[in-house]
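In: for reference, the sequence and a predicted model appear below.
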Amino acid sequence: MLEESQLNTRELAQQDEDLRQINNELVTQSGKLKLSESELRKQQDILKRVNSELENKALLLEEKNMAVEDAHKALAFKAEQLERSSKYKSDFLANMSHELRTPLNSVLILAKLLEENRPGNMTTKQVEHAKVIHKSGSDLLVIINDILDLSKIEAGKLELIKEETSIHEICENMEQLFSEVSKAKQIEFLCKIDISLPEFMNTDRIRVEQILKNLLSNAFKFTPAGGTVTLEANTASGNTAYKNEKLLTAESIICFSVTDSGIGIPEEKQKLIFEAFNQADSSTTRKYGGTGLGLTICRQLVSLLGGDIIVESEAGAGSVFKLFLPIGQISKESKQLQSSTTSYQEINTAGEILVICADGNIVDEWSKLFALENYHVIGSDSYETEFLDNAPAIVIIDATLSDKEYVEKILKLKANLFLSNSFIICRSVSEYIPAEIKDLVMLHTTSPVNAKVVSEILNVIHSPVKALNYQIQLEQNTAIPFTKKVFNIPTSVLASARLEGKRILVADDDIRNIYSMTTIFENEGAEVLCAMDGMEAIEKLNLHKNIDLIIMDIMMPNMDGLQAIQEIRKMDFLGNLPIIAVTAKAMRGDREICMNAGATEYITKPVNIELLLTKVFQLLENKES
């Protein structure tokens, strides 16, 4: 019993010890739980704060998203406004071109007709008055063109046509253009070209020349008699700070500089002169005229060409305007031409000149002028050469032709082996020449027949670079001869009423233009019918089946000119009736739109009488042949 009691006592003691250990463990775990609870409370507090911050950030993000969405809507609205504004500006530009040119068209046409004084019933003083009116109208046209040019640039409607252009030719054109001005104003004019420059640059020649013409015009305007104006072409120095990024990446840069010894420009006015309608002297007593648009247009054009323009000047010490342009990429053919100019051999330019012209009086003018240079002129109204004993040194085409006629006539001449070494010169009242034959013509000029244009022709054919370029074009020409019959117009007919027996329909909603056009054609012996819109024009065509040609204005009420032309082309019996489209908008693409509608030819207002009549004669000639 005692042993059993002791054993139980030991077991109880052991159990008590086990319970104590368990209790200690429980106490320890309880402490840990309390710590865990404390940490959990802290983590919960942190999570609450984080959740609160996330909620706030979510609200901020939502607000930002809404702001971004609002910004997108605002941008879309602004873009729509900008597009609408650009459209309004383009429409305004087109309409202003029409509204300004339409009345000016009548002024110039009627003033020109008065100046010609065909009836011979005007006094010398009255003829002088007519000349002043025509000259003033022409000056106004220049101002209108400047304003429209600036508007086209700002509206993004001005298209550049870049091509490989001779730097020497640009300088020579400027020299020829301003040589008479320098003589008249008794100002020395110098042209200098750096021999290290390449022969060609890739640019829009017409726009470059437009810029240089403006700079040189200003130089001569602000330089007194006895002064000097200099045009230089050099390789640009490397220390010039360019603003245009295109110049920073250009491989080579040319610098055209125009220097004068004139009145100069004060430093505080030098930025002002490039702003529209601003001049260095804008006072009411200013000595020099002008609109203040020229340099603004120059700056805009220079930017489009990827260049810069800067001015260096002091009051009373003359000015220097520098035009920096990238030379651009030149083709292998041009580089070969440039390296080949040293081996050029002089051609034989002595002998005869063939002048192809339908007006015998103009042929006589050419003959008298070239006789002074020991050239014998042979006149012809035909493109045939069977009557010639010797190949002429020069062939001059003195006529304004349609695009199709230009291409056919030039290719016909180029395919004639008898003329394989003859230089071809074209003179017309239009500056445009089809791209297909541009390289086949040595010179295309709009100058009147005078000693200056004869000098220009002789300078061109004696230029080694130009002559060699022309020879290369001849060697590459593989045109097939055209066998189209050429209709000869007798000189006796041209000297009198040249449209006798012809009936012409003039469709125009402006009575001033109808009156002007009617006067032109009636003076040439034609009968004129009139229509005030497209619908009336079609009615007249249905009533009078023997109409020979239509002058169709494009902007007319009820039915415009384009719709009328399209309707006329649907009429079988009028399939080949010549239609000349006339527009005062003069916007890019207008020519293509008119031709696609079915027009035979296209001219812009103000109408040049010589150009209009030349196109009319050519179209009637084609119709009869």
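Out: Nice, I can see it. Numbering: from 1, shown residues only.
In: quick check on Asp533: phi, psi?
Out: Main-chain torsions, Asp533, degrees, to the nearest 10: phi -160, psi 180.
In: got the phi and psi for Val363?
Out: In terms of degrees, to the nearest 10, the main-chain angles of Val363 are phi -60, psi -40.
In: quick check: which element contains the spatially closest residue to it that is not a sequence neighbour?
Out: Leaving aside its sequence neighbours, Val363 sits nearest to Gly379 (C-beta to C-beta, 6 or more residues apart in numbering; 3.4 Å). For the C-beta atoms, the positions are set from N, CA and C on the backbone; glycine is no exception. Following DSSP states H and E, one finds Gly379 within strand 375-380.
In: roughly how far out does the following helix or strand past that strand sit from the chain middle?
Out: The helix or strand immediately downstream of strand 375-380 is strand 394-398, counting by DSSP H and E. Relative to its chain's centre, strand 394-398 lies at 27 Å (C-alpha atoms, centre = their mean, to the nearest Å).
In: counting by contacts, list what strand 394-398 packs against.
Out: strand 351-356, helix 360-371, helix 403-414, strand 423-427, helix 451-461 (3 or more C-beta pairs under 8 Å, 6 or more residues apart in numbering; DSSP states H and E).
In: can you redo those as JSON lines with distance to Ile609 and mean neighbour count?
Out: Formatted as JSON lines, these follow (distance: least, C-beta to C-beta, whole Å; neighbours: other C-beta atoms under 10 Å):
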{"stretch": "strand 351-356", "distance to Ile609": "22", "mean neighbour count": "21"}
{"stretch": "helix 360-371", "distance to Ile609": "15", "mean neighbour count": "17"}
{"stretch": "helix 403-414", "distance to Ile609": "19", "mean neighbour count": "20"}
{"stretch": "strand 423-427", "distance to Ile609": "17", "mean neighbour count": "23"}
{"stretch": "helix 451-461", "distance to Ile609": "20", "mean neighbour count": "17"}
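In: out of those, flag the one nearest Ile273.
Out: Nearest of those to Ile273, taken as C-beta to C-beta: helix 451-461 at 31.3 Å.
In: next, the buried residues of stretch 610-623.
Out: Within stretch 610-623, the residues scored as buried using 16 or more other C-beta atoms under 10 Å are 611-620, 622.
In: quick one: which of the residues you listed is nearest Ile410?
Out: When these are compared against Ile410 (criterion: C-beta to C-beta), the nearest one is Gln618, at 14.4 Å.
In: surely the closest one is in contact with Glu408?
Out: No: judged on C-beta atoms under 8 Å, Gln618 makes no contact with Glu408 at a distance of 11.3 Å.
In: what touches both of those two?
Out: The overlap between the contact sets of Gln618 and Glu408 (C-beta atoms under 8 Å, 6 or more residues apart in numbering) is empty.
In: neighbours of the closest residue to Ile144 other than its chain neighbours, just the number please.
Out: Distance criterion C-beta to C-beta, 6+ apart; nearest residue to Ile144, sequence neighbours excluded, is Leu100 at 5.1 Å. The local packing of Leu100 (other C-beta atoms under 10 Å) involves 20 other residues.
In: and Leu100, which of the three is it?
Out: helix (DSSP: H, G, I helix; E, B strand; the rest coil).
In: check the gap between it and Lys438 for me.
Out: 31 Å (C-beta to C-beta, to the nearest Å).
In: cool, and Phe370?
Out: Computed as C-beta to C-beta, the Phe370 to Lys438 distance reads 25 Å.
In: likewise for Lys570?
Out: Distance of Lys570 to Lys438, given as C-beta to C-beta: 35 Å.
In: these two - which one has more neighbours?
Out: Using other C-beta under 10 Å, the more surrounded residue of Lys570 and Lys438 is Lys438, with 13 against 9.
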